[in-house]
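*Asks:* sequence first, predicted coordinates after that:
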Amino acid sequence: MLKRALMTIFESWRRIVCICAVVLVGILVSTAHFHFYGHLEGLYALRDKNGAIVLTDDLILGDEDQVVFAFPVERVLGFFRGGVGHASGIAHLDTEWFRFDGSGYVRSYMADGTYYLMCFSRFIDSAGLETKGLFVGGGLPFDLNGDQRVTMNETGMAYYNGKEWLHTWCNVNESIASGQHPEAPIAPSTWRFLGSSVTMKTDEELVLTSNHEVDIDGTPFRVERIASFKAGARHTTLAITIRNIGRNPAGYYYVYGDEPWVGDYGTSTGNVGWIQDRLIKYETAISPLNYGWAGYFDYGNEAAGESHNQSGTANFIEWQDGLRPDLVYFSNKIGTFAEEKDRVPLASPNNRVIMLQWGPRMLVPGQSETIIISVGMADANPVTGFPVKPDTSGTLHLLIPYLKSGV
């Protein structure tokens, strides 16, 4: 009798739950808006700024604060995958890439199980638009790590050392502009996205591409991007080919940079610039001919009154031989910098930037130029702890054949 009574109660509660679930889904479907990415990462209900419910199949950076309901599929897929995976002690790449919108991520695993995360176009830019293609930014699919993103450190480019996440690069500040009007940058989210591809993929090597068009002073430009990755490398090498496909000569500026928030997402405190032979404590420009790379070091800037009890994490950006930038500068604000002799400390709590600028440059019809940069996390000197630029020749050599073939 007791068992029968309990079963009856259980069945009743199960029916009640099912009925409530059906009613809830019905309400959501009848009142919600839909935003379908095509990523099929799960089913999510968000509440937008107007209070309306939005149903979507993925979350990108910034959506997490609006989540009303989340059912990520990763846990289900993980259950069915069971113990399938790579053997321990072997460096490898883990990739998810959506060709139709040029978004995804790459995780470069070291032999010791630590890994470097590189996310692309998984974010909404400052204009409220989605970026498509090989542009650094965003985070992993919601709940992919099982921690429901307790911090934002695992976004953009970040390193997991086995215990914690260390942030190295944020959403990229990248744009092209008219050679006559550099004050009016054209954000990548407004470019025409032509498609992307996984050009080469193994467990150890990967090449991704994305293609775009943008009008500058009435002249169409093609922007072709190729990125290469190698297992165990904490960086990517990116080639950006800019081609005048119009009928008239036209000039352009190109800008690549970031307020990278090295160490912890959301703060520049502790970040001091570094180049080959010294730390950069004050706003300044450096010679792109005399130096080949630069970055930020989470060490503490004495000129800003900071102590040296920071994470010791450092990033780097290297401009490879060829089309070097015309300007490289450290500042507390994008678009302006003081001379080093003016002694303006890099002291902004959240906006210490490093920026690279090419231009103004003129291209005649059919002419193209290629920028090649390597971006990622710096190594550390085992004795001093100070940053050391890693060897980027592996990813560079992987990239070159695809540049020559015009992929």
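*Replies:* Looks like it arrived, so ask away.

*Asks:* pLDDT below threshold where in the protein?
*Replies:* Scanning the chain for pLDDT under 70 picks out the ranges 1-32, 62, 64, 74-88, 142-151, 404-407.

*Asks:* helices of that one, residue ranges please.
*Replies:* 2-31, 74-81, 393-405 (DSSP state H).

*Asks:* can you pull up the bridge partners for the residue lying closest to W293 once chain neighbours are set aside?
*Replies:* Counting by CB to CB, 6 or more residues apart in numbering, E318 is the residue found nearest to W293 once chain neighbours are left out, at 3.9 Å. In this view, the C-beta of every residue, glycine as well, is placed from N, C-alpha and C. Counting by DSSP bridges, E318 forms beta bridges with W293, S374.

*Asks:* do you know how far the residue nearest to G139 when sequence neighbours are not counted is from S268?
*Replies:* Residue nearest to G139 in three dimensions, not counting chain neighbours: T155, with 4.1 Å by CB to CB, 6+ apart. Plainly put, T155 is 16 Å away from S268 if you go by CB to CB, to the nearest Å.

*Asks:* likewise for A233?
*Replies:* 26 Å.

*Asks:* in space, what's closest to E306 - neighbours in sequence excluded?
*Replies:* Using CB to CB, 6+ apart and skipping residues adjacent in sequence, the residue nearest E306 is G300, 4.0 Å away.

*Asks:* ugh, wrong one, G273
*Replies:* Nearest non-adjacent residue to G273, counting by CB to CB, 6+ apart: I280, 2.8 Å away.

*Asks:* does that neighbour touch I286 like I think?
*Replies:* Yes. Counting by CB atoms under 8 Å, I286 is a contact partner of I280 at 7.5 Å.

*Asks:* so for those two, which residues contact both of them?
*Replies:* Jointly contacting I280 and I286 under the rule CB atoms under 8 Å, 6 or more residues apart in numbering are A294, F330.

*Asks:* more neighbours: which of the two?
*Replies:* The neighbour comparison of I280 against I286 (other CB atoms under 10 Å) goes to I280, with 23 against 19.

*Asks:* so who does that one touch?
*Replies:* By CB under 8 Å, 6+ apart, I280 lies in contact with V272, G273, W274, I286, A294, F330, L346.

*Asks:* please name the spatially closest residue to the last one (chain neighbours excluded).
*Replies:* Looking back up the chat, that one is L346. Per CB to CB, 6+ apart, closest to L346 is R352, 4.8 Å.

*Asks:* same question for the third one.
*Replies:* For W274, the nearest residue in space outside its immediate sequence neighbours is F297; the separation is 4.5 Å by CB to CB, 6+ apart.

*Asks:* do the first one as well
*Replies:* Nearest in space to V272, with sequence neighbours left out and distances taken as CB to CB, 6+ apart, is N301 at 4.1 Å.

*Asks:* and the one you found, what does it touch?
*Replies:* With CB under 8 Å, 6+ apart, N301 has these contacts: G270, N271, V272, K281, P345, L346, A347.

*Asks:* right, and P188 touches V136 too?
*Replies:* No. The criterion here is CB under 8 Å, and P188 misses it with V136 at 10.7 Å.

*Asks:* neighbour-wise, which of the two wins?
*Replies:* Taking other CB under 10 Å, P188 and V136 do not tie; V136 has more neighbours (28 against 25).

*Asks:* now for the residue nearest to that one when sequence neighbours are not counted, how many residues are close by?
*Replies:* Distances taken as CB to CB, 6+ apart place V172 nearest to V136, at 4.3 Å, with adjacent residues excluded. Using other CB under 10 Å, V172 has 23 other residues around it.

*Asks:* might one say that V172 is in contact with D258?
*Replies:* Yes. If you go by CB under 8 Å, V172 and D258 touch, sitting 5.8 Å apart.

*Asks:* please tell me how far the residue lying closest to F120 once chain neighbours are set aside sits from R192.
*Replies:* Nearest non-adjacent residue to F120, counting by CB to CB, 6+ apart: L134, 5.5 Å away. Going from L134 to R192 by CB to CB gives 15 Å.

*Asks:* ok, now S178?
*Replies:* From S178 to R192 the distance is 17 Å (CB to CB).

*Asks:* ditto for T209
*Replies:* Look at T209 and R192: by CB to CB, they are 16 Å apart.
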